[in-house]
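**Student:** Provided below for reference: sequence and predicted model.
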Amino acid sequence: MKKIGVLTSGGDAPGMNAAIRAVVKTAIANGIQPIGFIKGYNGILEKNYHVMDRESVSGIIHSGGTILKTARCMEFYEAAYREKAFQNAKEIGLDGLVVIGGDGSYRGAGYLSELGLPCIGVPGTIDNDIASTEYTIGYDTAMNTVVECVDKLNDTCQSHERCSVVEVMGRHAGHIALNTGIATGAVQIITEEIPTPIDEVVENIKKIRESGKDHFIVIVSEGYGNPVEIATQIQEKTGIDSRATILGHVQRGGNPTLKDRVNATRMGYYAVKLLEEGKTNRVVALQQGNLVDYDIQEALKMKKPLDMDLYNMMMEISF
Ligand code: ADP
């Protein structure tokens with residue numbers, strides 16, 4: 001194994017830099033030349049890459065975003081372009097590729113593996129919506145950002161006896177909503193898995209108010225209700241002054257937490273070791289604290305439901 005590539009694909013996530021750094025340093029430590037493709041799969045299609053060395057990953061472990069940039073690459077949905085990418089990789093002399101991204105990026109890596117380029121996927125997304133792994137790079141940082149923001153909203157909610165409806169990321173996966181809901185003492189979460197109707201939210205808030213609580217946090221996953229509308233309805237039906245806040249892309253940024261840095265480093269290191277062992281078409285995953293790897297197609301079929309025990313616990317004590 002002489003030369004491997006690394007790229008970040010799909011949405012960015014804090015900790016991607018730590019993963020890139022680990023891939024680059026592990027490669028160098030094992031006598032392999034690392035190269036970094038720019039803007040996801042576009043970098044392979046356009047042969048847009050940097051030869052990476054120790055210096056190129058110096059001082060990045062603590063920074064959010066990705067030094068390799070990330071993007072969606074629509075051409076990759078077409079076989080002809082994937083074939084071109086494979087030919088480019090051959091011309092560059094690649095012996096393997098580490099793809100840091102989500103399930104979509106894994107699909108691209110699966111196709112490249114089929115064509116003959118050994119690929120390993122590393123889970124990078126703030127939503128924790130990759131079923132094959134308990135943990136994705138960026139999830140912890142994003143949740144800490146949400147908690148910091150909601151804590152501030154909670155302060156002012158307390159002063160004014162208000163309700164704050166906060167939209168968080170995680171379109172099809174409510175992991176961010178559930179865990180930040182618990183961590184901020186929210187009275188309700190609304191997600192794809194738990195699409196609580198507005199009347200139920202209102203009844204719940206009324207009941208909780210009777211117990212003496214005078215300020216309320218409701219967390220809504222992006223796409224599962226318009227937070228402004230929900231706040232308006234709560235205000236109209238309960239008389240509680242209610243405001244909506246959309247946290248948006250602030251959740252994607254920031255310095256990665258210790259947990260994200262450590263997991264990103266472990267996963268990047270593990271990915272290069274898999275390539276060195278001659279593995280291909282695998283994804284790195286964290287299961288019960290241990291790193292494991294799965295076949296890409298198997299990984300893509302897995303399901304990761306929301307932890308309903310956690311949800312039930314949250315609701316039982318949300319008064
Ligand atoms: P994520 O990797 O975070 O799930 P996307 O679903 O946007 O994000 O995928 C990122 C990129 O991976 C896409 O822009 C495309 O280049 C590639 N990709 C996604 N799905 C496929 C697919 N079915 N076939 C080939 N490439 C894909």
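**Tutor:** Happy to help now that I have it. Numbers count the residues shown, from 1 in each chain.
**Student:** What separation do you get for Glu203 and the ligand?
**Tutor:** 37 Å (C-beta to the nearest ligand atom, to the nearest Å). All C-beta atoms are positioned from the backbone trio N, CA, C, and that covers glycine.
**Student:** Could you do Tyr269 as well?
**Tutor:** Tyr269 sits 21 Å away from the ligand, going by C-beta to the nearest ligand atom.
**Student:** Now do the same contact list for that residue.
**Tutor:** With contact taken as C-beta atoms under 8 Å, 6 or more residues apart in numbering, Tyr269 is in contact with 22-23, 26.
**Student:** Give me the average confidence score over the helix or strand that contains it.
**Tutor:** Element membership for Tyr269, per DSSP states H and E: helix 258-276. Across helix 258-276, pLDDT averages out at 98.
**Student:** Next: stretch 52-70.
**Tutor:** What stretch 52-70 shows for mean pLDDT is 98.
**Student:** Output the set of residues of this protein in proximity to the ligand.
**Tutor:** Residues of the chain found near the ligand (C-beta under 6 Å from any ligand atom) are 9-11, 40-41, 72-73, 76-77, 101-105, 107-108, 111, 125.
**Student:** Now which of those would you call buried?
**Tutor:** 9-11, 40-41, 72-73, 76, 101-105, 107-108, 111, 125 (16 or more other C-beta atoms under 10 Å).
**Student:** which stretches of this structure form strands?
**Tutor:** All strands of the chain, identified by DSSP state E, fall at 3-8, 33-37, 49-51, 96-101, 119-123, 163-168, 188-190, 216-221, 242-246, 282-287, 290-295.
**Student:** which helices and strands does the fourth one pack with?
**Tutor:** Meaning strand 96-101. Strand 96-101 is packed against strand 3-8, helix 16-29, helix 103-115, strand 119-123, helix 258-276, with contacts defined by 3 or more C-beta pairs under 8 Å, 6 or more residues apart in numbering; DSSP states H and E.
**Student:** Now the last one: buried residues?
**Tutor:** Which is helix 258-276. Residues of helix 258-276 classed as buried: 259-261, 263-276 (neighbour count, 16+ other C-beta under 10 Å).
**Student:** Show the contacting residues for the residue of the stretch 101-250 of the chain found nearest the ligand.
**Tutor:** The ligand sits closest to Gly104 of the stretch 101-250 of the chain, with a gap of 2.0 Å, by C-beta to the nearest ligand atom. Taking C-beta under 8 Å, 6+ apart as the contact definition, Gly104 lies against 9-10, 72.
**Student:** Name the nearest residue to Ile217, sequence neighbours excluded.
**Tutor:** Nearest non-adjacent residue to Ile217, counting by C-beta to C-beta, 6 or more residues apart in numbering: Ala186, 4.2 Å away.
**Student:** actually Glu91, not the one I wrote
**Tutor:** Residue nearest to Glu91 in three dimensions, not counting chain neighbours: Lys47, with 7.8 Å by C-beta to C-beta, 6+ apart.
**Student:** Show the contacting residues for the closest residue to the ligand within the stretch 201-319 of the chain.
**Tutor:** With C-beta to the nearest ligand atom as the measure, Leu300 is the residue of the stretch 201-319 of the chain nearest to the ligand, at 9.4 Å. By C-beta under 8 Å, 6+ apart, the contact list for Leu300 reads 103, 106-107, 110, 132.
**Student:** Give me the neighbour count for the residue lying closest to Glu114 once chain neighbours are set aside.
**Tutor:** Closest residue in space to Glu114, ignoring its immediate chain neighbours: Asn281 at 7.4 Å, by C-beta to C-beta, 6+ apart. Residues near Asn281, counting by other C-beta atoms under 10 Å, number 23.
**Student:** Surely Asn281 and Asp295 touch.
**Tutor:** Yes - using C-beta atoms under 8 Å, Asn281 makes contact with Asp295 at a distance of 6.1 Å.
**Student:** Could you check the pLDDT of Ile120?
**Tutor:** With respect to pLDDT, Ile120 has a value of 98.
**Student:** Which parts of the stretch 101-250 of the chain are helices?
**Tutor:** Assigned by DSSP state H, counting those that start in this stretch, the helices in the stretch 101-250 of the chain fall at 103-115, 139-160, 175-184, 198-210, 227-238.
**Student:** For this protein, identify the residue most remote from the centre.
**Tutor:** Distance from the centre of the chain peaks at Glu210, with 38.0 Å (C-alpha atoms, centre = their mean).
**Student:** For Gly15, give me phi and psi.
**Tutor:** Dihedral pair for Gly15: phi 110, psi -10, per degrees, to the nearest 10.
**Student:** could the helices of the stretch 101-250 of the chain go into TSV alongside mean pLDDT and distance to Gly121?
**Tutor:** Shown next, in TSV, are the helices of the stretch 101-250 of the chain (pLDDT from 0 to 100; distance: least, C-beta to C-beta, whole Å):
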stretch	mean pLDDT	distance to Gly121
helix 103-115	98	4
helix 139-160	97	16
helix 175-184	98	19
helix 198-210	96	38
helix 227-238	97	33
